[in-house]
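Colleague: below: sequence and its predicted model.
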Amino acid sequence: MSQMGEASQAVRLPAPRRVLLVAGEASGDLHGADLLRALRQRAPEVEVSGLGGEHLRAAGMRTVADAREVATVGVVEGIGRLRALVRVYRALTRILRREKPDLCVLIDFPEFNLRIARVARSVGVPVLYYIGPQVWAWRRGRVRKIARLVNRLAVVFPFEPGLYERWLPDVEFVGHPLLDRVAATRGREETLRAHGLEPARRTVLLLPGSRAKEIDYILPPMLDAVAELAPMGDYQFALALAHTLDRADMEARIRAAGLDVPVVANDLYNLVAASDIALVTSGTATLECALLECPMVIVYRLSPTTFALGRLLVRGVRHVGMPNIVAGRTVVPELLQGDVTGPKIAAAAQAILDDREGRARITAGLREVRQQLGRGGAADRAAVIAVEMMQARPA
């Protein structure tokens with residue numbers, strides 16, 4: 001096992017090593033880029049190619065396909081991108097079979113990546129899974145399958161190693177990578193003024209997701225909630241734009257709803273820190289809000305078919321929002337499926353905004369979540385594991 005200490009010094013591997021890295025979603029692209037930079041500090045000559053996005057390309061990876069081609073939400077939503085998924089899968093498996101890289105690094109994206117892992121193991125390429133599949137949320141029986149396919153697992157939640165201990169000893173909690181990224185760089189007043197907002201007014205931030213299908217399902221009821229909330233108090237609203245989405249499209253949707261909600265890009269953490277509450281789609285953004293101690297209402301909505309299938313697969317998990325899952329209790333409210341309506345979102349947000357003691361309890365709960373996520377350096381620790389695996393590989 002690698003040690004969770006300070007970053008190790010650069011090492012010289014017996015020969016230039018090749019890594020296939022697969023990150024199929026926006027968050028995986030971001031965390032993969034941090035991992036790649038940490039890996040290059042230890043093994044400067046390593047050659048990395050695979051599936052990723054703009055962040056991994058900026059970090060120096062040669063992308064054989066772009067993550068935006070394959071990012072999906074659920075079973076039904078993924079059907080529309082099946083052709084792209086198959087094409088990318090074939091391109092990656094050709095690399096595994098023909099080039100036999102020294103290491104295959106998989107980041108999240110489990111439905112796709114576990115298939116890649118199977119091919120990698122079949123041709124003798126060791127597999128490191130960073131930010132592993134959420135077996136604690138669904139398909140607990142997957143643990144044994146993952147143990148058969150993966151050599152080592154670097155997990156980001158403190159309760160995950162215990163899930164694997166019977167079948168896979170090389171599981172390490174490396175901390176959550178967001179701890180190294182999430183921080184405000186400006187004060188509240190400066191941030192709000194920078195975006196044409198008034199510091200004296202309470203600010204409601206919309207975080208509707210990063211995928212097109214999420215926007216289709218969740219943005220309309222969020223905008224309905226804005227219309228409900230606006231006459232209830234002296235509120236102002238803003239929408240934080242994910243880099244995967246088109247600003248003009250989002251602005252057109254807002255105009256069609258007859259609302260005045262500025263769309264803000266490239267200032268997420270400052271905007272979250274400056275907001276009084278966030279209306280946020282379940283996913284990575286909920287943890288970002290938690291780390292910045294921003295109260296939130298978590299919402300999630302899928303196609304009825306996808307949601308019904310999910311209900312059949314999920315066992316023993318009471319929450320969908322990561323802050324609540326990490327805390328093991330309800331820290332912030334969640335609204336799912338039929339409850340994702342403008343009036344219900346507005347009512348949940350208003351209840352928090354009107355309750356000073358309740359807001360203090362939420363803030364304290366979010367602070368506890370941060371403490372449970374460990375300390376910084378997740379990418380560094382995962383990079384140490386990757387180097388160890390390549391050092392163990394014959395030249």
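Modeller: Okay, I see it.
Colleague: can you map out the helices along the stretch 1-150 of the chain?
Modeller: Listed in chain order, the helices of the stretch 1-150 of the chain (DSSP state H, counting those that start in this stretch) span residues 26-42, 54-58, 75-79, 82-99, 110-122, 142-149.
Colleague: list the buried residues for the last one?
Modeller: Counting neighbours by 16 or more other CB atoms under 10 Å, one finds that the buried residues in helix 142-149 are 142, 143, 145, 146, 147, 149. Heads up, the C-betas are built off the backbone N, CA and C, glycines and all.
Colleague: need the contact list for the fifth one.
Modeller: What that stands for is residue 147. The contact partners of residue 147, by CB atoms under 8 Å, 6 or more residues apart in numbering, come to 164, 167, 168.
Colleague: what about the spatially most central residue of the chain, distance to residue 107?
Modeller: Centroid check for the chain by CA atoms, centre = their mean gives residue 284 as the closest residue, at 3.7 Å. Distance, residue 284 to residue 107, using CB to CB, to the nearest Å: 12 Å.
Colleague: now residue 67
Modeller: Here the criterion is CB to CB. By it, residue 67 lies 10 Å from residue 107.
Colleague: and if you look at residue 162?
Modeller: 22 Å.
Colleague: the two: which has the busier surroundings?
Modeller: Taking other CB atoms under 10 Å, residue 162 and residue 107 do not tie; residue 107 has more neighbours (29 against 11).
Colleague: surely that one and residue 19 touch.
Modeller: No. The pair residue 107 and residue 19 does not pass the contact test of CB atoms under 8 Å, sitting 11.9 Å apart.
Colleague: these two touch, right, residue 282 and residue 296?
Modeller: No. Applying CB under 8 Å as the test, residue 282 and residue 296 come out as separate, 10.2 Å apart.
Colleague: so between those two, which is more surrounded?
Modeller: Comparing residue 282 with residue 296 by other CB under 10 Å, the one with more neighbours is residue 296, at 29 against 21.
Colleague: any of the contacts of residue 147 buried? List them.
Modeller: Among the contacts of residue 147, those buried by neighbour count (16+ other CB under 10 Å) are 164, 168.
Colleague: of the contacts of residue 147, which is the nearest to residue 260?
Modeller: Closest to residue 260 out of those is residue 164 (49.5 Å), distances taken as CB to CB.
Colleague: what's the nearest residue to that closest one if we skip its chain neighbours?
Modeller: By the measure of CB to CB, 6 or more residues apart in numbering, the closest residue to residue 164 outside its immediate chain neighbours is residue 171, 4.5 Å from it.
Colleague: ok, the one you found - how many residues close by?
Modeller: With neighbours defined by other CB under 10 Å, the count for residue 171 comes to 22.
Colleague: returning to that earlier point: now the buried residues of helix 142-149 as TSV including distance to residue 389 and pLDDT?
Modeller: Listed next are these as TSV, based on distance: CB to CB, whole Å; pLDDT from 0 to 100:
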residue	distance to residue 389	pLDDT
142	22	79
143	21	87
145	20	88
146	16	92
147	16	92
149	15	95
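Colleague: circling back: got any residues that touch both of residue 284 and residue 107?
Modeller: When contacts are counted by CB under 8 Å, 6+ apart, residue 284 and residue 107 have no shared neighbour.
Colleague: against residue 102, how distant is the residue nearest to the centre of the chain?
Modeller: According to CB to CB, residue 284 stands 30 Å off from residue 102.
Colleague: could you point out where the stretch 101-250 of the chain is predicted with low confidence?
Modeller: Within the stretch 101-250 of the chain, the stretches with pLDDT under 70 are 136-140.
Colleague: residue ranges of the strands in it, please?
Modeller: With DSSP state E, counting those that start in this stretch, the ranges of strands along the stretch 101-250 of the chain come out as 103-107, 127-130, 152-155, 171-173, 202-207, 235-241.
Colleague: which residue is the nearest non-sequential neighbour of residue 287?
Modeller: Here the nearest residue to residue 287 in space, its sequence neighbours aside, is residue 322; by CB to CB, 6+ apart that works out to 5.0 Å.
Colleague: and for that neighbour, the neighbour number?
Modeller: Under the neighbour criterion other CB under 10 Å, residue 322 is assigned a count of 24.
Colleague: cool, and residue 287?
Modeller: When neighbours are defined as other CB under 10 Å, residue 287 has 25 of them.
Colleague: taking strand 202-207 as reference, get the angle to the helix or strand encompassing it.
Modeller: For residue 287, the host element (DSSP states H and E) is helix 284-291. Counting by axes from the mean of the first three to the mean of the last three CA atoms, to 10 degrees, helix 284-291 lies at 150 degrees to strand 202-207.
Colleague: tell me which of the helices of the stretch 1-150 of the chain sits nearest to residue 363.
Modeller: Of all the helices of the stretch 1-150 of the chain, it is helix 26-42 that lies closest to residue 363, at 24.4 Å by CB to CB.
Colleague: could you check the angle strand 103-107 makes with that closest one?
Modeller: Between the direction of helix 26-42 and that of strand 103-107, the angle (the same axes, to 10 degrees) works out to 140 degrees.
Colleague: by contact count, what packs against helix 26-42?
Modeller: strand 18-23, strand 47-52, helix 54-58, strand 103-107, strand 127-130, helix 378-391 (3 or more CB pairs under 8 Å, 6 or more residues apart in numbering; DSSP states H and E).
Colleague: so which bits of the third one are buried?
Modeller: Going by neighbour count (16+ other CB under 10 Å), the buried part of helix 54-58 is 54, 55, 56.
Colleague: stretch 325-344 now?
Modeller: By neighbour count, with 16+ other CB under 10 Å as the criterion, the buried positions of stretch 325-344 are 325, 326, 327, 331, 332, 333, 334, 335, 340, 341, 342, 344.
Colleague: the residues you listed: which two are farthest apart?
Modeller: By the measure CB to CB, those have their two most distant members at 326 and 342, which lie 28.6 Å apart.
Colleague: how close does residue 341 get to residue 278?
Modeller: From residue 341 over to residue 278 (counting by CB to CB), the distance is 18 Å.
Colleague: hmm, I typed the wrong one, I wanted residue 23.
Modeller: Between residue 23 and residue 278 the distance is 25 Å, computed by CB to CB.
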